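Visitor: Predicted model and sequence below, questions to follow.
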Amino acid sequence: MSAISGCQEGKGTPKLVEVKCPKCGEEMEVFVIMGGAVGKTGTLQADEKCSACGRIIPEGTPLDKLEKI
């Protein structure tokens, strides 16, 4: 295994990011795709549901559309 392949594998791991729920403002944790196909990088890996109000942020939502904490 080379050092370069280790770096590439890290980009395949989703990143945990804290954001505010767009409906109620409650803190949520979402997983964001950090590497991959064009159009996938920087988007939510899966649907995420707010535990306070039940709002669902759909898979594929760009992180830049959400307010980071």
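Guide: Arrived safely.
Visitor: Excluding chain neighbours, what is closest to Ala52?
Guide: Computed as C-beta to C-beta, 6 or more residues apart in numbering, the closest residue to Ala52 that is not its neighbour in sequence is Glu26, at 3.9 Å. For every residue, glycine as well, the C-beta is placed using N, CA and C.
Visitor: Give me the number of neighbouring residues for the one you found.
Guide: Applying other C-beta atoms under 10 Å, we find 13 other residues in the vicinity of Glu26.
Visitor: Next, the distance between the ends of stretch 52-69.
Guide: 16 Å (C-alpha to C-alpha, to the nearest Å).
Visitor: cool, stretch 50-66 as well?
Guide: Span of stretch 50-66 from end to end, C-alpha to C-alpha: 13 Å.
Visitor: so how far is it off the chain centroid?
Guide: 9 Å (C-alpha atoms, centre = their mean, to the nearest Å).
Visitor: how about that stretch: buried residues?
Guide: 50, 57, 61, 63, 66 (16 or more other C-beta atoms under 10 Å).
Visitor: List the contacts of that stretch.
Guide: Residues from elsewhere that reach stretch 50-66, judged by C-beta atoms under 8 Å, 6 or more residues apart in numbering: 17, 19-24, 26, 28, 30, 32, 40, 42-49.
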